[in-house]
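Trainee: below are the sequence and a predicted model for it; my questions follow.
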Amino acid sequence: MQNNDKLNEIVFQFVSKDDKTKVKPLGAGHINDSFKVETSDNEYVLQRINHAIFKDVPQLQNNILRVTEHVRKKLEDKNVSDIDRKVLSFLPTHDGKLYYKDEEGNYWRLMYFISDSKSYDTINPELARRAGLAFGEFQKMLADLSDGPLFETIPNFHNMEFRLEEFKEAVKNDKADRLKKVSDLVKDIEARAEEMTKPERMHREGLLPKRTNHCDTKVNNILFDSNDQVLCVVDLDTVMPGYVLSDFGDFMRTGANTGEEDDTNLDNVSIDLDIFEGYTKGYLENAASFLTQVEIDNLAFGAKLLTYMQTVRFLTDYLNGDTYYKTKHKEHNLERTLAQFKLLTSMEDNFDKMQQIVADAAAKN
C-alpha cells in the first residue's frame, strides 16, 4: 500500500497542491484500491486501477468518459436538479489525461466524492424496485450512445460459449486432480450447455442485440440518498457491449438469493420471488420502452444464465486448482459452486412463476 506522501503526490497530478490534503482508505473493493481525499475546498475518491484485470486503461477511461458525458447530457436535457450527485465526474490530470501512470507502472484516477450517499449489500422488495428503476434508466439513457460500441474492457466477460470452453479445458486437464470428486456436477453442467449458449446463437442469427451494459449489476453499485432515493449508478469499469438479459440476470443472481454466494447450508439458498418481482417491475418501468419482445421474453432466462455461468466459473477454478478467485480454504470454490448450482435449480423449479412476473410487468408498460 502506498504511503501518504506518495498518495498526496498522485492527487496533486490532478488538483493544485494543498497542504491540508488528507488521504485515507475507502471501502474494501475486490478489484481497485480506493481512497477518500479531502482538500481545503473539496472531497474526492482516488482509485488505483487494477491493470492486471483492465489491461487497456486508456480505453477503459475513454469508455467511462463517453458514458458519463452521455448520461450527464441526458440529465441536463431533462432539467434534472443536482446533476453532480447523479452521475460520476472524473478529473483530468494537469496534462489532460483521465489517468495518471506513476513510476512503478500503476494507474490512478480521481473523481468527485458524492456526499451524503449510501449503498446496500442486502435489500428488500422496495429497494429492489428502486434498483431496477436505476439500472433500467441507466441502460435506457445509453441505448442511443453514438460513435460506435464501447471498448470491451474484459473480453468475453459474459460469453457463455467462451466460459464453457474454459470449463472443458479444465475438465480435460484436471490439473488439481479433483475431477473424480465432482464428476456428477460436471455432467449436470454439460447437460445444460446447449440451452445456456442460446444467447450467442440468437445474436449470430440477428435475434438478440448487444447494447451498452453495466455488467456488474449488484445492488451495492447504486448510491442512494438519505431517503433511500436513487442517486446514481457507480463502478463503471465493466460498462461495455452485452445482452440486457445478462445485466438483469446478474442482479437476480446476487440480489434475489436467499442465501450467501458460498453458503454451506444449501437449505438457505433459493430464489427470492419477492425481490425478483420488485426488481422486474422497476426495471421494466424504465426499460420496456426500448427493449425488443425477444429481450423481454428472455429476461427470466437471464437469471438462470448468469447463475449457471457463475457455477461454471467457480467449478472451472476449482478444477484448475484455485488460480483465479481468492479462496479461504481448499474447498471454498466447491462450496461456491454447490451454492450457485442450488440457486440455479431453485430458479429452474420456479421458472414458470418468474416468466409470469416478467410478462405481467411488461404488460403494464
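Mentor: Perfect, I can see it now.

Trainee: run the chain-centre distance for the strand or helix carrying N63.
Mentor: Assessed by DSSP states H and E, N63 sits inside helix 57-77. From the chain centre to the centre of helix 57-77 is a distance of 17 Å (CA atoms, centre = their mean, to the nearest Å).

Trainee: could I have it exported to PDB, CA atoms only?
Mentor: Taking C-alpha atoms only, helix 57-77 is exported to PDB below (Å, rounded to 0.1, in the frame of the first residue of the first chain):
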ATOM      1  CA  VAL A  57      -6.500   1.700 -19.100                       C
ATOM      2  CA  PRO A  58      -6.700   4.400 -21.700                       C
ATOM      3  CA  GLN A  59      -9.600   2.600 -23.500                       C
ATOM      4  CA  LEU A  60     -11.200   1.900 -20.100                       C
ATOM      5  CA  GLN A  61     -11.100   5.500 -19.100                       C
ATOM      6  CA  ASN A  62     -12.300   6.600 -22.600                       C
ATOM      7  CA  ASN A  63     -15.300   4.300 -22.100                       C
ATOM      8  CA  ILE A  64     -16.100   5.900 -18.800                       C
ATOM      9  CA  LEU A  65     -15.800   9.400 -20.200                       C
ATOM     10  CA  ARG A  66     -18.200   8.600 -23.100                       C
ATOM     11  CA  VAL A  67     -20.700   7.000 -20.700                       C
ATOM     12  CA  THR A  68     -20.700   9.800 -18.100                       C
ATOM     13  CA  GLU A  69     -20.800  12.600 -20.600                       C
ATOM     14  CA  HIS A  70     -23.800  10.900 -22.400                       C
ATOM     15  CA  VAL A  71     -25.600  10.400 -19.100                       C
ATOM     16  CA  ARG A  72     -24.900  14.000 -18.000                       C
ATOM     17  CA  LYS A  73     -26.300  15.300 -21.300                       C
ATOM     18  CA  LYS A  74     -29.500  13.200 -20.800                       C
ATOM     19  CA  LEU A  75     -29.900  14.600 -17.300                       C
ATOM     20  CA  GLU A  76     -29.300  18.100 -18.500                       C
ATOM     21  CA  ASP A  77     -31.900  17.700 -21.300                       C
END
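
Trainee: now do that helix: everything it contacts.
Mentor: 49, 51, 54, 83, 86-90, 98-99, 101, 107, 109, 138, 141-142, 145, 147, 150-151, 153, 212, 236-237, 239-240 (CB atoms under 8 Å, 6 or more residues apart in numbering). All C-beta atoms are positioned from the backbone trio N, CA, C, and that covers glycine.

Trainee: how much space between K22 and N298?
Mentor: 49 Å (CB to CB, to the nearest Å).

Trainee: tell me which of the contacts of helix 57-77 fall in helices.
Mentor: Taking DSSP state H, the ones among those that sit in helices are F138, M141, L142.

Trainee: can you get me a residue count around the second one?
Mentor: Right, M141. Residues near M141, counting by other CB atoms under 10 Å, number 22.

Trainee: report pLDDT for the residue lying closest to it once chain neighbours are set aside.
Mentor: Counting by CB to CB, 6 or more residues apart in numbering, M141 lies nearest to K74, which is 4.5 Å off, once chain neighbours are set aside. If you check K74, the pLDDT there is 95.

Trainee: for K74, the count of nearby residues, please.
Mentor: Residues near K74, counting by other CB under 10 Å: 16.

Trainee: next one: V294
Mentor: Neighbourhood size, V294 [other CB under 10 Å]: 12.

Trainee: contact partners for it?
Mentor: M202, L207, L208.

Trainee: out of those, which are buried?
Mentor: Neighbour-count burial (16 or more other CB atoms under 10 Å) applied to the contacts of V294 gives M202, L208.

Trainee: identify, from the contacts of V294, the entry nearest to R130.
Mentor: Using CB to CB, L208 is the member of the contacts of V294 that lies nearest R130, at 27.4 Å.

Trainee: what secondary structure does that closest one sit in?
Mentor: Secondary structure, DSSP: H, G, I helix; E, B strand; the rest coil: L208 is coil.

Trainee: for it, which non-adjacent residue is closest in space?
Mentor: M202 (3.9 Å).

Trainee: surely the one you found forms part of a strand?
Mentor: No - applying three-state DSSP, one finds M202 to be helix, outside a strand.

Trainee: wait, doesn't it sit right on E195?
Mentor: No - with contact defined as CB atoms under 8 Å, M202 does not reach E195; the gap is 12.0 Å.
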